[in-house]
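Student: got a sequence here, can you build the structure:
(one chain, ligands or ions: 1)
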Amino acid sequence: MSPEIVLAIMNIVLAGMFGAVIGSFTNVCIYRIPEHRTVVKGHSMCMTCGHELGALDLVPIFSWLCLGGKCRYCKTPISSRYIKIESLTALMYILMAATHLSMFLDPMDMTKNIFPFIELCALFIMINVIIVEMMIMHDTGSSMYVLTVALLIDFAVQLCARVLTVVNSDASKELGSKITGWGIEILAGAAIAFGAVVIAVLLSNKPKELKSYLHDSKGKALRTSDLFAIALGGVIGIIPAAVASVVYLIARIAIGNGKNVKYLGNILAAGAAVGYFGYAAILLIK
Ligand SMILES: [Zn+2]
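Tutor: Numbering: from 1, shown residues only. Now for the predicted structure:
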């Protein structure tokens with residue numbers, strides 16, 4: 001094996017291990033954030049017997065496997081969610097590292113590597129924010145759960161497509177760059193809508209009430225409508241997303257925090273569906 005290949009494999013394995021560790025922290029965030037508990041202090045303990053967990057109990061993925069999914073002290077089964085989240089994060093980190101291999105192969109060239117490095121760090125953070133959001137939505141029974149899953153799948157498909165562009169074959173490169181192109185347009189549309197949502201939230205909720213917007217069950221209808229706006233931006237591409245965002249911004253500020261905001265959510269969901277199928281129809285006719 002050439003030294004480049006060895007180095008590439010080493011970096012991919014390291015990225016997977018790093019991902020598993022961050023996945024472990026992700027689990028802590030998923031459980032503690034809804035309870036308004038700090039995620040930086042405090043020891044981990046068994047949820048049944050309360051025994052403090054040692055270093056050997058906290059090795060991501062391996063501890064769960066070695067202990068057969070049971071607490072070392074009281075033998076109560078531990079949720080398989082821990083190992084699933086750790087494995088998912090490890091897998092996504094491996095995909096992300098694989099799309100940034102050139103950076104690892106020439107680590108000393110900062111002028112060439114600074115932007116890929118920033119991009120990789122942003123990807124690392126973004127994927128964990130999506131996973132934490134997704135699982136909190138799942139646990140609280142929020143209707144946004146489906147959308148966060150869709151976002152994660154979109155993210156994974158794009159990463160796979162970018163791995164294809166790294167693999168040296170013209171056909172896979174062409175397919176890869178096509179999917180990446182769509183993905184960039186979809187994410188940019190979502191980013192524009194996200195910007196509109198943030199501005200609307202800041203203007204219609206007083207900044208001090210932002211915390212209740214994020215936590216209270218009352219805020220659920222508001223958050224759902226806002227997420228539909230982001231999803232709408234995500235399915236229709238950059239230019240329609242910019243137009244839709246302006247309309248959303250005006251409607252959202254006009255309705256404010258009133259109970260009619262849930263109709264805004266429904267209308268946006270219908271708009272997203274029409275936009276998506278309309279866009280697909282236009283592509284098919286072309
Ligand atoms: Zn226990």
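Student: what does this structure put close to the ion?
Tutor: Selection of the chain residues close to the ion by Cβ under 5 Å from the ion yields 46, 48-49, 71, 73-74. Using the backbone N, CA and C atoms, a C-beta is placed for each residue, glycine as well.
Student: make it 6 Å
Tutor: 46, 48-49, 51, 71, 73-74, 76 (Cβ under 6 Å from the ion).
Student: can you pull out the helices in this protein?
Tutor: For the chain, the helices defined by DSSP state H cover 3-32, 62-66, 81-98, 101-105, 110-139, 145-166, 170-204, 210-215, 220-236, 238-255, 261-285.
Student: and residue 42, which of the ones you listed is closest to it?
Tutor: The closest of those to residue 42 is helix 3-32. By Cβ to Cβ, the value is 8.4 Å.
Student: the closest one - contacts with which helices or strands?
Tutor: helix 81-98, helix 101-105, helix 110-139 (3 or more Cβ pairs under 8 Å, 6 or more residues apart in numbering; DSSP states H and E).
Student: so what angle separates the directions of that helix and helix 145-166?
Tutor: 170 degrees (axes from the mean of the first three to the mean of the last three Cα atoms, to 10 degrees).
Student: how far does helix 3-32 sit from its chain's centre?
Tutor: Its chain's C-alpha centre and that of helix 3-32 lie 16 Å apart, by Cα atoms, centre = their mean, to the nearest Å.
Student: please apply the same query to stretch 176-196.
Tutor: With Cα atoms, centre = their mean as the basis, the mean position of stretch 176-196 lies at 14 Å from the chain mean.
Student: just give the number of residues close to the nearest residue to residue 25 once chain neighbours are set aside.
Tutor: In space, residue 25 comes closest to residue 39 once its chain neighbours are excluded; the distance is 7.5 Å by Cβ to Cβ, 6 or more residues apart in numbering. By other Cβ atoms under 10 Å, 14 other residues sit near residue 39.
Student: what's the separation between residue 39 and residue 103?
Tutor: Distance, residue 39 to residue 103, by Cβ to Cβ, to the nearest Å: 29 Å.
Student: now the nearest residue to residue 197 once chain neighbours are set aside: how far from residue 127?
Tutor: Nearest residue to residue 197 in three dimensions, chain neighbours excluded: residue 226, at 4.6 Å (Cβ to Cβ, 6+ apart). According to Cβ to Cβ, residue 226 stands 21 Å off from residue 127.
Student: ok, the two, which is more surrounded?
Tutor: residue 226 (26 against 23).
Student: give me phi/psi at the closest residue to residue 32 other than its chain neighbours?
Tutor: Counting by Cβ to Cβ, 6+ apart, residue 39 is the residue found nearest to residue 32 once chain neighbours are left out, at 5.2 Å. Note on residue 39: its backbone torsions stand at phi -100, psi 0 [degrees, to the nearest 10].
Student: returning to what we had before: now the residues of the chain next to the ion as a markdown table including pLDDT?
Tutor: Listed next are the residues of the chain next to the ion as a markdown table, based on pLDDT from 0 to 100:
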| residue | pLDDT |
| --- | --- |
| 46 | 88 |
| 48 | 89 |
| 49 | 92 |
| 51 | 91 |
| 71 | 93 |
| 73 | 92 |
| 74 | 93 |
| 76 | 93 |
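Student: so which of those residues is the most crowded?
Tutor: So for the residues of the chain next to the ion (other Cβ under 10 Å), the most neighbours sit at residue 71, 18 neighbours.
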